[in-house]
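Give me coordinates for this.
(4 chains)
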2 protein chains.
Amino acid sequence: MNRLESLESFVAVVESGQFTIAADRLGIGKSVISRRVSELEEHLGALLLHRTTRTLSLTDAGREFYPRAVQVLEDLDEAEQSVSRSQQDLSGRLRLAAPLSFGLFHLSNALNGFSNLHPRVVLDIDLNDSEVDLVQEGIDLALRIGDLDNSTMVARPLAPINFVLCASPEYLQRMGTPHSAEDLAGHRGLCYSNLPEPQKWPFIDPTGRALTIRIPLQMQANNGQLLLDAASAGQGICLSPTFIAYQAILDGRLQPILTDYHIPPVTAYAVYPNRRFIPQRVRALADYLRQQFGDHPYWDDGLAHVIS
Amino acid sequence: MNRLESLESFVAVVESGQFTIAADRLGIGKSVISRRVSELEEHLGALLLHRTTRTLSLTDAGREFYPRAVQVLEDLDEAEQSVSRSQQDLSGRLRLAAPLSFGLFHLSNALNGFSNLHPRVVLDIDLNDSEVDLVQEGIDLALRIGDLDNSTMVARPLAPINFVLCASPEYLQRMGTPHSAEDLAGHRGLCYSNLPEPQKWPFIDPTGRALTIRIPLQMQANNGQLLLDAASAGQGICLSPTFIAYQAILDGRLQPILTDYHIPPVTAYAVYPNRRFIPQRVRALADYLRQQFGDHPYWDDGLAHVIS
DNA sequence: GCTATTGTTGCAAATAATGCAATAGTGTTT
DNA sequence: AAACACTATTGCATTATTTGCAACAATAGC
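Here you go, the predicted structure:
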């Protein structure tokens, strides 16, 4: 028995849900699939699949075995690739996690570029603002903005994340333009709720003094895009990352305010588990993203005067 | 070509250093080994072994490929075992790291017991007082005493580590027995140099007050056993873990002092990388060690009055 | 109860793996 | 320097395994 081919067959069956489709996918007869899975089961001494002629389902053993089988196959491919002649030509699956807004605004394009560079790399993207456990979820690489907690993860800086305070021209005309941070106390705050203290905004004033202002809450959301849209509609003042706000500012839909104040930037990182063997495609993507964004990301290009 | 058998052959050759021995080990002809390795090389498009008829050495590609090949084979065995009928019967290699003294004093016996329970598990033990990188070194499980730094590691408490202050009866007769922590200032300290501040010893005095005493340095070493021997020989006073000192105390070679003071205990942990699939043998060993030591380890049995 | 479709099984043909023996190459010894 | 001892490789006949086709059995939907 060929253990590896049995594994492949089993995985193909699980993923396709049918022996027949799995056989087509592997380009062999369905009888071969049938026999390989049977042999594998016999070898293990455990049934992997409950099968009637019309329905197929995993047994407990199969559910346990499947992800491990996938992992073994991927690791083997990975190992072979690492020394293969066609080392340039990366392939395999790459599971990527990123925050929702950043993913939609900037990762999307970058990933398309990467995908063109390495067409045989299959990207599996999970946009999610809540932090998932990278090892448990089998994520190869995550894009994280701001502080990092897990020290055994490898973190590579990808880009600075700058912030601007902005509101619509119409709002500013109606409500008055604030000229000091303290003026914000009389304005309407559009606050990002995924922060520990959404209403407290940090500043460095023009003289270099750090201060934190509590702004009245007008609207709160866990999505920066929505808050920005609210700001555009004149709902209030928004403390937005430039990677979300830049377009609206360049368009004139939003106007930066208090630009003589400095808002402490944070950093976007590529984070990946410190495995024994880091897949080359993970390194490649981290490199590529670093190159796409870098210390002066394109979304800050027209905003030099704003982010000081 | 059977990729897996090629892998096995390659690994066997690397580990035995010869095609012939590898063939014997796998119970097949040496011609088969030769062909399998050649096929593997052809498949990869890279030479793995530099071979003349008399000498064998890894190429760069081979050096890169070998550990990954080993990993894949182990992971596959692991996956199969996890659903195998003979699940009880653990097997495979288990790489264990532990501090030197604890390893010699207490791990040794426990591991023999474990090895008898699971004879097919091969233990690969690295006794080392300096902390190594578990993932890079491919360590499955480490025994660590005291504070843990890496938060993504799984840590299971194995035993409390209590401390006693002790000296030889002869020394105490000659130099006088201290009755308060402050008395230690006039004594000779035998200090463990792997601590940030070897000469500073922490106490909780009989009234419950925490204090730190700086003791004059008589001898310093990075090995608790050596310090204990020095104490036995009347060289001075030693702050020793009970797991080292218990025998000498029960024998009367050493006498505990300041037993009305409390010395903050630390904890011994089993630490392992938070991999996606924790090998069963790793869980089993952690369980076994927990069971062998536990909240009231045997080495503290006769010392209840000492460690309060 | 019929039908369409699924997984399994039997079997002959095709394919691949194996071991043996011969071969060629290399470091060591005399 | 030449014979020696031991190594990995290769050719080839034998053996074992795998494959696909077709027939079969089983089931859900009509």
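
what's near enough to touch the residue nearest the centre of chain A?
Closest residue to the average C-alpha location of chain A: A:Ala98 at 1.3 Å, with CA atoms, centre = their mean. Going by CB atoms under 8 Å, 6 or more residues apart in numbering or on different chains, A:Ala98 touches A:107, A:125-128, A:142-143. To be clear about C-beta, it is placed using only N, CA and C from the backbone, and glycine gets the same treatment.

Just the buried ones from those residues, in PyMOL syntax?
Selecting only the buried members of the contacts of A:Ala98 in PyMOL, with burial defined as 16 or more other CB atoms under 10 Å in any protein chain shown, works like this:
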select buried, chain A and resi 107+127+142+143
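
Which residue comes closest to whichever residue of the stretch 101-250 of chain A sits closest to DNA strand D once chain neighbours are left out?
In the stretch 101-250 of chain A, the residue that lies nearest DNA strand D is A:Arg120 (23.9 Å; CB to the nearest atom of the strand). In this structure, A:Arg120 finds its nearest non-sequential neighbour in A:Ser91, 3.6 Å apart by CB to CB, 6 or more residues apart in numbering or on different chains.

Nearest residue to the residue nearest to the centre of chain A in space, please, no chain neighbours.
Going by CB to CB, 6+ apart, A:Ala98 has A:Leu143 as its nearest residue, at 4.0 Å.

what about the residue nearest to A:Arg120, how many residues close to it?
Using other CB atoms under 10 Å in any protein chain shown, A:Ser91 has 17 neighbouring residues.

Quick check: phi and psi at it.
Here is the backbone geometry of A:Ser91 (degrees, to the nearest 10): phi -150, psi 180.

With chain B in mind, check whether the longest helix along chain A reaches it.
What stands out as the longest helix in chain A, according to DSSP state H, is helix A:60-83. Yes - using CB under 8 Å from any CB of the partner chain, helix A:60-83 reaches chain B at A:61-62, A:64-65, A:67-69, A:71-72, A:75-76, A:78-80, A:82-83.

Just the buried ones from the residues you listed, in PyMOL syntax?
For the buried members of the residues of helix A:60-83 next to chain B, the matching PyMOL selection, counting by 16+ other CB under 10 Å, is:
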select buried, chain A and resi 61+62+64+65+68+69+71+72+75+76+78+79+80+82+83
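
Looking at the residues of helix A:60-83 next to chain B, which two lie furthest apart in space?
Spatial extent of these (CB to CB) is set by the pair A:Ala61 and A:Val83 at 33.7 Å.

now stretch A:254-263: how far from the chain's centre is it?
Centroid displacement of stretch A:254-263 relative to its chain, using CA atoms, centre = their mean, to the nearest Å, is 28 Å.

brain fart, stretch A:289-304
Centroid displacement of stretch A:289-304 relative to its chain, using CA atoms, centre = their mean, is 18 Å.

Likewise for stretch A:234-246?
Mean C-alpha position of stretch A:234-246 versus that of the full chain (CA atoms, centre = their mean) differs by 21 Å.

Could you do stretch A:153-171 as well?
The answer for stretch A:153-171 is 16 Å, by CA atoms, centre = their mean.

near chain B at all, it?
Yes - using CB under 8 Å from any CB, stretch A:153-171 reaches chain B at A:Met153.

Between the two ends of that stretch, how far is it?
44 Å (CA to CA, to the nearest Å).

can you list the residues of the stretch 1-150 of chain A near DNA strand D?
Neighbours of DNA strand D within the stretch 1-150 of chain A, by CB under 7 Å from any atom of the strand: A:1-2, A:5, A:27-29, A:31-32, A:35-36, A:52-55.

which pair in these spans the largest distance?
Greatest spatial distance among these (CB to CB): A:Asn2 and A:Arg54, at 28.7 Å.

Looking at the two, which is more packed in?
Taking neighbours as other CB under 10 Å, A:Asn2 and A:Arg54 compare with A:Asn2 leading, 16 against 5.

Do you know the pLDDT at the closest residue to the more buried one other than its chain neighbours?
Of all residues not flanking A:Asn2 in the chain, B:Asn2 sits nearest, at 5.6 Å (CB to CB, 6+ apart). You'll see B:Asn2 listed with a pLDDT of 90.

DNA strand C versus B:Asn2, what's the distance?
The gap separating B:Asn2 from DNA strand C is 5 Å, by CB to the nearest atom of the strand, to the nearest Å.

Hmm, that residue is touching A:Met1, no?
No - in this structure B:Asn2 lies outside contact range of A:Met1 using CB atoms under 8 Å: 9.9 Å.

who in chain A is up against chain B?
Proximity of chain A to chain B (CB under 8 Å from any CB) is limited to residues A:2-4, A:7, A:43-46, A:48, A:61-62, A:64-65, A:67-69, A:71-72, A:75-76, A:78-80, A:82-86, A:135-136, A:138, A:149-153, A:274-277.

try it again with 7 Å
Contacts of chain A with chain B, taken as CB under 7 Å from any CB of the partner chain, map to A:2-4, A:44-46, A:61, A:64-65, A:68-69, A:71-72, A:75-76, A:79-80, A:82-85, A:135-136, A:138, A:150-153, A:274-277.

Strands of the stretch 101-250 of chain A, residue ranges please.
All strands of the stretch 101-250 of chain A, identified by DSSP state E, counting those that start in this stretch, fall at A:121-127, A:141-145, A:153-161, A:163-167, A:189-192, A:200-204, A:210-214, A:217-221, A:237-241.

Please tabulate these in a markdown table and include mean pLDDT as additional columns.
Listed next are the strands of the stretch 101-250 of chain A as a markdown table, based on pLDDT from 0 to 100:
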| stretch | mean pLDDT |
| --- | --- |
| strand A:121-127 | 89 |
| strand A:141-145 | 92 |
| strand A:153-161 | 90 |
| strand A:163-167 | 94 |
| strand A:189-192 | 92 |
| strand A:200-204 | 93 |
| strand A:210-214 | 92 |
| strand A:217-221 | 88 |
| strand A:237-241 | 94 |
